[in-house]
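>>> here is the input, now give the coordinates:
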Amino acid sequence: MPAPLYDSLRALADRNLLRLDMPGHHGKPLPAGIPWPSGTDFTENGFTGDLYGDEPGAIQAAERLWADRFGFDSCLFLTGGSTQGIHAGLALLAGQGGAAALDRGSHRSVYHALALLDLTPHFLSRPWLEREGVSGPILPETVEDALQTHPEIKTVCITSPTYYGVLSDIPAIAAVCHAHGARLMVDGAHGAHLPFLGYEGFRAADAVVMSAHKTLPAPGQTALLFANGFPLPELQRWGAVYGTSSPSYVLMSALDGVRDYMEREGAARYRETIWQAEALRRRLPALSERDGLTLDPARLVLHSPGGFALGAVLRARGICPELADTGHVVCILTCADGAAEFGRLERALDESGLTGPCPAMPAPPEPPEAVLTPRQALFAPRRTLPLADSAGRIAACQIAPYPPGVPVIAPGEAIQKKHLAYLREIGYNREYCDVVNREE
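You can find the predicted model right below:
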């Protein structure tokens, strides 16, 4: 398979140019043995092309290969992570000052985008899965109800998969959105590997953001914005607003190279990873698929009566899970993991004695009243208070424990005693929070 951007930069690096531009290392190894692929770390110099430029080049050819492989009209490389893509994608779909139906369990970048674009959120609830101790998928009927109740909504934004690997029915939700004249954006930050494994649900959405660095063998900050119905220049316009004017060519070429690797051998290695993950699920208590619950097959969510303790035991043995909470430990398994890595994890879990049923977790309470808009909350003066003393104040940030990863209190909402009681009940361990300072 071709890797046009990486190949062109590698060929340029081999020409032994006198580089008197950025970056300052000029293609030479960094001092003190600091590892960095300096040879392909270029800037826009007439040879390399321009991420946001009008002239097609190697970057656009590499983006086109991603778009074709994933089934989208256009693709934009992101060097600012999925956060850059969330901001650009919502600007593209929602514009400024309108209304959006929002997955309440969205990443904080979505809440920041609401504030920056001055969007009014209407939150979409997820069913609480008591047996599993996590939130379930966004249901199409939930989206239908929101769009019927608030016909001014023209953009819907959901997260799929979640941190716990829960997938929503994107094609069904997209059909509901389009029937109401709305467009669907999906935060698929944790799902960049899924299309390589045959999953086609993303392509039904109008825009999707994926983090290559989360589930593919790619460097940090590498991500992608995909869109249907929008040409590349429109993605470039908003990507340039929220991204640096000096995007890393090393990161962009890594995006090119990792797609080529996944096409050649990475997908096959990922299927082996999935097989080994399923073997662990059969042996140990873990989140598993059932009717009404579809999961990322590579995400291993272990149940434990002491999730934090199990996470600490694993870290003491040099094993770093993605997260631990009261009743779970989450491991992101990728094509970089083989028999040796699985064997080490399995031995540590067996010896820990801490896997077992997930403890009963109460469902989150009803969301608080919104007193300020997300924009007002973001730009208001704030102060830090002990959480226990914050009742009656207005939250200036998300208060979002794990599980379920859904904000109990979102920015601009009133902090009430019942929400503080819930946080105490589930063992939320943050002692302080930021509140709006109305004394200034």
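
>>> check which residues of the helix or strand in which Ala115 is found are buried.
Using DSSP states H and E, Ala115 maps to helix 108-117. For helix 108-117, burial by neighbour count (16 or more other C-beta atoms under 10 Å) applies to 109-117. Quick note: C-beta positions are derived from backbone N, CA and C, even for glycine.

>>> now do stretch 344-362
For stretch 344-362, by 16+ other C-beta under 10 Å, it's 345, 348-349, 352, 354-355, 358, 361.

>>> what comes into contact with that stretch?
Identification of contacts with stretch 344-362 by C-beta atoms under 8 Å, 6 or more residues apart in numbering yields 130-133, 280, 283-285, 302-306, 309-310, 313-314, 317, 319, 326-328, 331, 403-404, 422, 425-426.

>>> and that stretch, how far from the chain's centre?
26 Å (C-alpha atoms, centre = their mean, to the nearest Å).

>>> show me where the stretch 101-250 of the chain has strands.
Ranges of strands within the stretch 101-250 of the chain are 120-124, 128-129, 134-135, 153-159, 166-167, 183-187, 207-211, 223-227, based on DSSP state E, counting those that start in this stretch.

>>> and those strands: which comes nearest Asp145?
strand 120-124 (9.1 Å; C-beta to C-beta).

>>> between that closest one and strand 153-159, how big is the angle?
Orientation note: strand 120-124 sits at an angle of 50 degrees relative to strand 153-159 (axes from the mean of the first three to the mean of the last three C-alpha atoms, to 10 degrees).

>>> now do strand 120-124 against helix 108-117, angle only.
150 degrees.

>>> for the longest helix that the chain contains, packing partners?
Within the chain, and with DSSP state H defining each element, the longest helix by residue count is helix 267-283. Counting contacts by 3 or more C-beta pairs under 8 Å, 6 or more residues apart in numbering; DSSP states H and E, helix 267-283 packs against strand 299-303, helix 339-352.

>>> turn the ones you listed into CSV, including distance to Leu76 and mean pLDDT.
Output for these, formatted as CSV (distance: least, C-beta to C-beta, whole Å; pLDDT from 0 to 100):
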stretch, distance to Leu76, mean pLDDT
strand 299-303, 26, 96
helix 339-352, 33, 95
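
>>> now the longest helix of the chain, how far from the chain's geometric center?
Centroid displacement of helix 267-283 relative to its chain, using C-alpha atoms, centre = their mean, is 22 Å.

>>> could you list the residues in contact with it?
Helix 267-283 is touched from outside by 193, 196-197, 262, 286, 288, 297-300, 333-335, 337-339, 342, 345-346, 349, with contacts defined as C-beta under 8 Å, 6+ apart.

>>> most centrally placed residue in this structure?
Centroid check for the chain by C-alpha atoms, centre = their mean gives Ala189 as the closest residue, at 3.0 Å.

>>> ok so, going back, the contacts of stretch 344-362, buried ones only, as a ChimeraX selection?
Selection of buried members from the contacts of stretch 344-362 for ChimeraX, criterion 16+ other C-beta under 10 Å:
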select :132,133,280,284,285,302,303,304,306,310,313,314,319,326,327,328,331,403,404,422,426
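
>>> what sits against Ala88?
76, 78, 225, 235, 238-239, 241-243.

>>> most neighbours among these, which one?
Leu76 (33 neighbours; other C-beta atoms under 10 Å).

>>> hey, where'd the helices end up in the stretch 251-400 of the chain?
Shown for the stretch 251-400 of the chain, the helices assigned by DSSP state H, counting those that start in this stretch span residues 267-283, 307-316, 339-352, 374-379.

>>> would TSV of the ones you listed with distance to Phe70 be doable?
Listed next are those as TSV, based on distance: least, C-beta to C-beta, whole Å:
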stretch	distance to Phe70
helix 267-283	13
helix 307-316	33
helix 339-352	27
helix 374-379	30
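
>>> quick one, which of these is nearest to Val176?
Across the helices of the stretch 251-400 of the chain, closest to Val176 is helix 374-379 (C-beta to C-beta), at 24.3 Å.

>>> shaky segments in the stretch 301-440 of the chain?
Low-confidence segments of the stretch 301-440 of the chain, defined by pLDDT under 70: 403-404, 440.

>>> show me where it has strands.
323-324, 328-332, 382-386, 432-436.

>>> so of these, which one's packed in deepest?
Sort these by mean neighbour count, taking mean count of other C-beta atoms under 10 Å, and strand 328-332 sits at the top with a mean of 24.

>>> packing partners of that one?
Packing partners of strand 328-332 (3+ C-beta pairs under 8 Å, 6+ apart): strand 299-303, helix 307-316, strand 323-324.

>>> partner strands of it, parallel or antiparallel?
Paired strands of strand 328-332, with direction, are strand 299-303 (antiparallel), strand 323-324 (antiparallel) (DSSP bridges).

>>> dump the first one to CSV, keeping only the CA atoms.
Taking C-alpha atoms only, strand 299-303 is exported to CSV below (Å, rounded to 0.1, in the frame of the first residue of the first chain):
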residue,chain,number,x,y,z
ARG,A,299,-11.6,-3.0,25.0
LEU,A,300,-11.1,-5.1,28.2
VAL,A,301,-13.2,-3.8,31.1
LEU,A,302,-12.6,-6.0,34.1
HIS,A,303,-15.0,-6.2,37.0
